[in-house]
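A.B. asks: Please work out how this folds:
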Amino acid sequence: MMKLATIATLLSGAAAFAPAQVGRSSVALNEMSRSIPFLTVPEKLDGSMPGDMGFDPMGLSDIQTDLNYARWSELKHGRICMLAVVGMVWQEYGPHLPGDAYATRDPWEAISSVGFASNIQTFLAIGVVELANWNKYYGDGTPGDIGWDGGQLKNMDSAAVKKRMESEVVHCRLAMIAFIGATHQTFLLHKGLLDFSY
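C.D. replies: Numbers count the residues shown, from 1 in each chain. Just a heads-up that it's a prediction; the model follows:
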């Protein structure tokens with residue numbers, strides 16, 4: 001029964017990761033969501049943003065005055081989760097720096113074992129990136145564009161850039177779910193991230 005419930009949950013969420021429909025100019029009255037067909041598409045979710053599947057069961061787009069800010073937030077948190085999941089797996093299974101402070105395999109225990117100075121260094125680095133991009137969050141630019149593409153998007157046509165942006169949003173959403181799962185497995189089950197035993 002548990003396996004059936006797990007499979008049903010995974011399959012129902014798969015529609016949220018399908019590519020977005022392009023070119024809708026406005027939301028038709030009572031148009032149904034592509035991600036959950038029994039829900040109607042909110043008015044602000046018109047398909048113009050990459051990753052827009054019409055999924056907003058809590059109505060958050062109705063209270064958001066600026067969806068660009070919400071997309072910035074989604075991409076930022078997704079990028080952080082992508083780094084966090086890789087870091088958690090590395091902490092458990094990858095090589096570590098020499099010394100007792102770096103010997104722990106538990107990703108959450110590692111935060112306290114490295115000491116105050118290492119944590120402050122991490123927070124300062126995060127703060128520098130945040131301050132350097134502060135004005136971009138509220139501007140008219142493309143959400144998520146902090147200029148770190150390495151010139152890879154300059155030679156692409158608009159369809160290829162949109163596909164890349166779509167892929168990033170999908171990977172961000174998946175990483176946020178993976179981070180929640182990794183945290184659950186570490187905190188509640190006290191198992192390694194790649195330990196699939198019952």
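
A.B. asks: those strands in this protein, which residues are they?
C.D. replies: Taking DSSP state E as the criterion, the chain carries no strands.

A.B. asks: Quick check: closest non-adjacent residue to the residue nearest the centre of it.
C.D. replies: Per C-alpha atoms, centre = their mean, the C-alpha nearest to the average position across the chain is that of Gly78, at 2.1 Å. Leaving aside its sequence neighbours, Gly78 sits nearest to Cys172 (C-beta to C-beta, 6 or more residues apart in numbering; 2.1 Å). Heads up, the C-betas are built off the backbone N, CA and C, glycines and all.

A.B. asks: cool, Phe38 as well?
C.D. replies: Using C-beta to C-beta, 6+ apart, the nearest residue to Phe38 is Met32, at 7.3 Å.

A.B. asks: Tell me, how many residues neighbour the one you found?
C.D. replies: For Met32, the neighbour count with other C-beta atoms under 10 Å is 13.

A.B. asks: follow-up on the earlier one: could you report the neighbour count for the residue nearest to Gly78?
C.D. replies: 21.

A.B. asks: got the contact list for it?
C.D. replies: Cys172 makes contacts with 74-75, 77-79, 81-82, as judged by C-beta atoms under 8 Å, 6 or more residues apart in numbering.

A.B. asks: which parts of the longest helix anywhere in the chain are buried?
C.D. replies: Ranked by residue count under DSSP state H, the longest helix found in the chain is helix 158-187. Buried residues in helix 158-187, counted by 16 or more other C-beta atoms under 10 Å: 161, 165-166, 168-176, 178-179, 182-183, 185-186.

A.B. asks: Appreciated, that's everything.
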